[in-house]
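> structure, please.
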Amino acid sequence: MTTSKPVPAIALAVALSFGAFSGEVSAQAADSSQAGTAPAAQQAPPSQPTEDKTVIVVTGTFEPAPLEEVNRSVEVIPVLDTAPLHHHWTEALQSDASVDLRQRGQNGIQGDLSIRGSTFGQTLILLDGLRLNDAQTAHHNLDVPIPLDGLERVEVLRGSGSTLYGADAMGGAVNFIPAVPSATEVRVGSEVGNFGVNSENLDASFSEGEVSERLTLWRDFSTGFRPDRGYRNTAAFSRSGFSTALGDTTILLGISDKPFGADQFYCNCDSFERTKAWFTGLRQGIGKNTEFDFGYRRHSDRFVLLLSDPALVPVNNHIDESYQFALRRRQELSANTKLSFGGEGFHDSIDSNDLGQRSRARGAGYANLEARALGRLSLSLGAREEFFGSDAEFTPSVAGGYSLTPGWRLKGSVSRAFRIPSYTDLYHSDPFNSGNPNLKPESGWSYEGGVVWNPGGRWQGEATVFHSRQSNVIDYVRANPPTNPNDPYVAANLESLNFTGFEGSLHARLPHNQQVSISYAAIHGVQGVLQGLTARYTSNYPTHRAVVAWLGELPGHIQARSQIGVDQRFGADPYAVWDAALTREFYGRVRANLGFSNLGGTRYEEITNVAMPGRSVIFGLDLLLWRKRH
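Residues are numbered from 1 along each chain as shown. Predicted structure coming up:
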């Protein structure tokens, strides 16, 4: 796989910017005399702590609510404010110790996401509340067609979420929230780094009254840190918003294209894969309390198992499509009681030379009652019935919270979730893996209780104990020891899989624009007797994971980020990965970024036998081309 070389102008810009770092460069904005442009006022530093204010979340609740009032365990990961200190949004995801991102390569090429020990298929991926999970295989769930600059934040719901979102949210849900433009401007940027990394991006925003538009384009090339691990990653995303007499309208459009070397990704094979994703979504308000949602996703996957001998195993070509519809209603029954209810429909299909031509449909209805009393107690009672084929799943949930004092709050929940098998689980076949058309849906109960400390100042902490009990968990198994070393792994329902764990976090906003966060998660799993079998995925969870992160300002108006993550997976030795980044703005128009990954050069694997890159560095420049004066 080849990649284009950076133009000489990039090298010149790198030299000039490093010279500016070492010189006495004024950070004040210079006046602009050009027509149609605003004065180049220096923007607020991306990592500077803001005033303490209420954070409104939309995940883990049936309607937007302040984070401190949500009775489920929800983590909000800012992305837009710290974007100059990241190369890809996967780096931001790794700041939450409860999120286990098992990557097969850098910069979002492919990865499996799990929460609280769940398998990668038991986490639901959302884009502005619309489902993205892939019908073919959960390995493609993170083909989210949105560049880093198009994201406002990521919200993580820990624990079962099927009452809110339906199938697949057994371990939790991750909701990517697009950024809403606050100004009219155009920015461009470019980055270069080792392993042949070369990326370019464009971010164009328009905001005028009730109308807004944000368009982000991004491409990222790499020759790879080892043979058969190069990639080309491109993505484009548009978010349009406006208001009419009918209500608020949001239109989402996204596309991504990823050809990449897949050496050792699924087996001891020199493989190649190319995936493409198309997504369009509509959220239409109808009056004040009613909303209609629509989403369409198309995903294609071309997979070559053996590049050295492609004739041995036929090239797999898959195209799957998914539709979703929802009509939602919120009704205030009294000053302290609200009712949310609605109906949803889903349809997915696949056209594949390996999996065949297949389709299925689901329908669901849900209701949730939210009540508050005495200014201290809150209670949420929800239920959902989802129908697919001749089967149906009932997923109730109960969540409550109680404020002990203004700074201390207890909360807890009980909920049920389920997951239906993917088409790969049911019908795939190759020399190494085999599906099973007789698989049953997975199901499970999730329990959690915790305490939140938020005195309203510079400190915030949370501690949660959780337990999940799962049945009919889908994994790929074979005899242990195998009768033949070449025997394939076959998809099967495991009788039971239970997890008990603890999550804790502490966030501090310190003087001199410093922020420190510490998060820790511990998981203990108990699996039903495999009776002479070995399973592929269910034992790859982290038993301990800790993240220590710092965000602040260095002398010379340099904004900086440093993060150390320590992981210990079941049956494996612990390892630590240290990342860091620097950014500085000049004259309000030019921003230089320097990022370091795996500074310690740790040799590690997040997925067995799939090596991750060693030490790497990326340098980039962003340029504000134009901004409209308001």
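> tell me the strands beside the helix or strand hosting V154, with direction?
Under the criterion of DSSP states H and E, V154 resides in strand 151-158. Its sheet considered, strand 151-158 pairs with strand 73-78 (antiparallel), strand 172-178 (antiparallel) by DSSP bridges.
> following it, which helix or strand shows up next?
helix 162-165.
> what's the end-to-end length of stretch 450-467?
Terminal residues of stretch 450-467 lie 12 Å apart, using CA to CA, to the nearest Å.
> okay, and the beta partners of N433?
The partner residues for N433, given DSSP bridges, come to Y489.
> if you tally nearby residues, what's the number for it?
By other CB atoms under 10 Å, the residues close to N433 number 18. For the C-beta atoms, the positions are set from N, CA and C on the backbone; glycine is no exception.
> do the same with A576
Neighbours of A576 using other CB under 10 Å come to 14.
> just checking, it touches Q568?
No - contact between A576 and Q568 fails when scored by CB atoms under 8 Å: they sit 10.0 Å apart.
> can I get the strands paired with strand 151-158 in TSV with distance to D257, mean neighbour count and mean pLDDT?
Below are the strands paired with strand 151-158 laid out as TSV (distance: least, CB to CB, whole Å; neighbours: other CB atoms under 10 Å; pLDDT from 0 to 100):
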stretch	distance to D257	mean neighbour count	mean pLDDT
strand 73-78	26	21	94
strand 172-178	18	26	96
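> and these as CSV, adding distance to S443?
Below are these laid out as CSV (distance: least, CB to CB, whole Å):
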stretch, distance to S443
strand 73-78, 20
strand 172-178, 16
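> so for stretch 612-623, what's the average pLDDT?
Mean per-residue pLDDT for stretch 612-623: 96.
> so where is the stretch 1-150 of the chain shaky, pLDDT-wise?
Scanning the stretch 1-150 of the chain for pLDDT under 70 picks out 1-53.
> among the strands paired with strand 151-158, which is nearest T275?
strand 172-178 (17.4 Å; CB to CB).
> just give me the neighbour total for Q357.
Counted with other CB under 10 Å, Q357 comes out at 9.
> equivalent analysis for L333, please.
Neighbourhood size, L333 [other CB under 10 Å]: 11.
> quick thing: my sequence starts at 462, can you match it?
Let's use 462 as the start, then, which means that last one is L794.
> helix or strand: which one has it?
Going by DSSP H and E, L794 is in strand 777-795.
> now do the buried residues in the following helix or strand past that strand.
Once the chain leaves strand 777-795, the next helix or strand it forms, by DSSP H and E, is strand 798-813. Neighbour-count burial for strand 798-813, counted by 16 or more other CB atoms under 10 Å, picks out 799, 801-803, 805, 807, 809-811, 813.
> turn those into a markdown table, columns for distance to T866 and pLDDT.
Formatted as a markdown table, the buried residues of strand 798-813 follow (distance: CB to CB, whole Å; pLDDT from 0 to 100):
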| residue | distance to T866 | pLDDT |
| --- | --- | --- |
| K799 | 25 | 95 |
| S801 | 29 | 96 |
| F802 | 34 | 97 |
| G803 | 36 | 97 |
| E805 | 40 | 98 |
| F807 | 44 | 97 |
| D809 | 48 | 97 |
| S810 | 54 | 97 |
| I811 | 54 | 97 |
| S813 | 58 | 96 |
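> can you list the residues you listed in CSV and add distance to A1053?
What follows is the buried residues of strand 798-813, written out as CSV (distance: CB to CB, whole Å):
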residue, distance to A1053
K799, 48
S801, 47
F802, 51
G803, 48
E805, 47
F807, 46
D809, 45
S810, 47
I811, 46
S813, 46
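> okay, now the closest residue to V776 other than its chain neighbours: neighbour count?
Distances taken as CB to CB, 6 or more residues apart in numbering put V765 closest to V776, at 5.3 Å, once the chain neighbours are dropped. Neighbourhood size, V765 [other CB under 10 Å]: 17.
> I figured V765 was touching N778, is that so?
No - in this structure, V765 is not within contact of N778 by CB under 8 Å, at 10.2 Å.
> re the thing from before, sheet partners, orientation included, of the strand holding L794?
strand 751-765 (antiparallel), strand 798-813 (antiparallel).
> any low-confidence regions in the protein?
In the chain (pLDDT under 70), the answer is 462-514, 1090-1091.
> got a list of what the residue nearest the centre of it touches?
Nearest to the mean C-alpha position of the chain, counting by CA atoms, centre = their mean, stands V635 at 5.4 Å. Residues in contact with V635 (CB atoms under 8 Å, 6 or more residues apart in numbering) are 554, 560, 574, 576, 584-587, 615-618.
> ok, so of those residues, who is nearest F960?
Using CB to CB, the contacts of V635 come closest to F960 at I576, 10.4 Å.
> which residues does that closest one form beta bridges with?
Those that pair with I576 in a beta bridge, by DSSP bridges, are V560.
> contact partners for it?
559-561, 584, 617, 619-620, 632-633, 635.
> coming back round to it: any chance of the strands paired with strand 777-795 in TSV, plus distance to S534?
Formatted as TSV, these follow (distance: least, CB to CB, whole Å):
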stretch	distance to S534
strand 751-765	25
strand 798-813	20
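> to V1051, which of those strands lies closest?
Of all these, strand 751-765 comes closest under CB to CB, at 37.5 Å.
> just the C-alphas of that closest one, formatted as PDB.
Extracted C-alpha coordinates of strand 751-765, given in PDB (Å, rounded to 0.1, in the frame of the first residue of the first chain):
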ATOM      1  CA  THR A 751     -42.700  15.100  19.800                       C
ATOM      2  CA  GLU A 752     -39.800  13.900  17.600                       C
ATOM      3  CA  PHE A 753     -39.500  11.800  14.500                       C
ATOM      4  CA  ASP A 754     -36.100  10.100  13.900                       C
ATOM      5  CA  PHE A 755     -34.800   8.300  10.800                       C
ATOM      6  CA  GLY A 756     -31.500   6.700  10.000                       C
ATOM      7  CA  TYR A 757     -30.000   4.800   7.100                       C
ATOM      8  CA  ARG A 758     -26.600   3.100   7.100                       C
ATOM      9  CA  ARG A 759     -24.900   1.200   4.200                       C
ATOM     10  CA  HIS A 760     -21.700  -0.600   4.800                       C
ATOM     11  CA  SER A 761     -19.500  -2.600   2.400                       C
ATOM     12  CA  ASP A 762     -16.600  -4.900   3.300                       C
ATOM     13  CA  ARG A 763     -14.200  -6.500   0.900                       C
ATOM     14  CA  PHE A 764     -12.000  -9.000   2.600                       C
ATOM     15  CA  VAL A 765      -9.000 -11.000   1.300                       C
END
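> surely L955 meets G989?
Yes - between L955 and G989 there is a contact under CB under 8 Å: 6.1 Å.
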